[in-house]
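Novice: Quick one: sequence plus predicted model below, questions after.
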Amino acid sequence: MVTFYRRLPKFDYVKPKSMNEALDLLKENRDGALRVYAGGTDLIPKLKSRLLKVPKVLVDLKGIPDLDCVSYTESSGLKIGALATISEVVHAAAVKEKYPILFQAGSSIASTQIQNRGTIAGNICNAVPSADSAPALLCLGATVLCVSPRGERRIGLEAFFSGPNETVLNGDELVKEIQIPPVSENSKGVYIKLSPRSKMDLAVVGVAALVRRENGALRDVRIGLGAVAPTPMRAKEAEKLLTGEKPSDKVIEEAARVASEESKPIDDHRASAEYRRLMVEVLVKRAVRQIVSN
């Protein structure tokens, strides 16, 4: 399919220099008249293609200081600021050491150029079902810290997505940071992406798995799925089947089958729903086996 990009539509542009200035602007946001952005790697092409309602004003957050942090402490875990680029996140020493599942997911997003511009916060705010960071962040129990003129609120990532390209953010809210709790040293995780050209294409199926081992048994099992439902999701029934069990081919295969049944894929130009279900089963088996074999 050939896409012909047009010129950008007309809109006003504002670059606030502080969080308070940005929130003051958002007080007047009605019916999507204002739209905030960080990297713009998803927003700008969609505006050119007229895939989004054209806002009256684009609010560029890059002028706000201290939103590009990637910080880690043993007590509180990892914090990813709204302006931290994908590249900054995946190259952070704490992410490589403590959260390799997020390192793998972030590294699989698009090209180096996109990673240098786009943000992890933007990846989840875009809310496409195939967002590569989402399955890993779901497994890690990520929370989104949002701010508005009314104050702050924290939203678990599972509750953050409300539908394809939709989140629960109100018109006067924006994401300040993503918070990820510490991960047990006994936990191991992996993200596997199926796409025609690896990084350069959207995931046809994305599977993340995080498992803690205790006395040979599987504990705190989490399985995140992308591109196989209206929103990124956890395969909770499959998680229950694995939790407390000692890993065996039988239990892993059964859990993978159940994860496939939990998925709700669609037919589109990239793959059929049937193929996606089959590949959920294959990739869940592959992910869990990879974890328990290390």
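Specialist: Arrived safely. It should be emphasised that the depicted structure is a prediction, and the values quoted were computed from it without experimental measurement. Numbers count the residues shown, from 1 in each chain.

Novice: alpha carbons only for contacts and neighbour counts from here, please
Specialist: Fine.

Novice: And the strands in the stretch 101-250 of the chain, which stretches?
Specialist: Along the stretch 101-250 of the chain, counting by DSSP state E, counting those that start in this stretch, strands occupy 143-148, 151-156, 161-163, 166-167, 174-180, 187-194, 205-214, 217-226, 233-234.

Novice: need the contact list for residue 284.
Specialist: Listed by Cα atoms under 8 Å, 6 or more residues apart in numbering, the contact set of residue 284 reads 207-209, 223, 256, 259.

Novice: let's go with 10 Å and repeat that
Specialist: Residues near residue 284 by Cα atoms under 10 Å, 6 or more residues apart in numbering: 191-192, 206-209, 223-225, 235, 238, 252-253, 255-260, 290.

Novice: What subset of those residues is buried?
Specialist: Buried residues within the contacts of residue 284, counting neighbours by 16 or more other Cα atoms under 10 Å: 191-192, 206-209, 223-225, 235, 238, 252-253, 255-260.

Novice: Domain map for this structure?
Specialist: Here the domain assignment for the chain is 12-60, 70-180, 190-293, based on automatic domain parsing.

Novice: Dump those domains to JSON lines, plus distance to residue 6 and mean pLDDT.
Specialist: What follows is the domains of the chain, written out as JSON lines (distance: least, Cα to Cα, whole Å; pLDDT from 0 to 100):
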{"stretch": "domain 12-60", "distance to residue 6": "5", "mean pLDDT": "93"}
{"stretch": "domain 70-180", "distance to residue 6": "20", "mean pLDDT": "97"}
{"stretch": "domain 190-293", "distance to residue 6": "22", "mean pLDDT": "96"}
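
Novice: Pull the residues that contact stretch 13-28.
Specialist: Counting by Cα under 10 Å, 6+ apart, 29, 33-36, 56-67, 147-151, 170-174, 176 sit against stretch 13-28.

Novice: What's the ChimeraX line that selects buried ones from those residues?
Specialist: Listed next is the ChimeraX selection for buried residues among the contacts of stretch 13-28, using 16+ other Cα under 10 Å:
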select :29,33,34,35,36,56,57,58,59,60,61,62,63,64,67,147,148,171,172,173,174,176
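
Novice: Narrow the contacts of stretch 13-28 to those in helices?
Specialist: Judged by DSSP state H, the contacts of stretch 13-28 include no members of helices.

Novice: Buried residues, the helix ranked longest in the chain. List them.
Specialist: In the chain, with assignment by DSSP H, the single longest helix is helix 273-293. Neighbour-count burial for helix 273-293, counted by 16+ other Cα under 10 Å, picks out 273, 276-277, 279-289, 291-292.

Novice: just stretch 172-191 next, same as before
Specialist: Buried residues in stretch 172-191 (16+ other Cα under 10 Å): 172-183, 187-191.

Novice: Ok, stretch 208-228 next?
Specialist: Applying 16+ other Cα under 10 Å to stretch 208-228 flags 208-213, 218-228 as buried.

Novice: repeat for stretch 191-198
Specialist: In stretch 191-198, counting by 16+ other Cα under 10 Å, buried: 191-195.

Novice: how about residue 244, what does it touch?
Specialist: 213-214, 216-221.

Novice: which ones are touching residue 72?
Specialist: Counted by Cα under 10 Å, 6+ apart, residue 72 has contacts 78-80, 92-95, 98, 179-182.

Novice: Closest to residue 46 out of these?
Specialist: For the contacts of residue 72, the residue nearest residue 46 by Cα to Cα is residue 80; the value is 25.1 Å.
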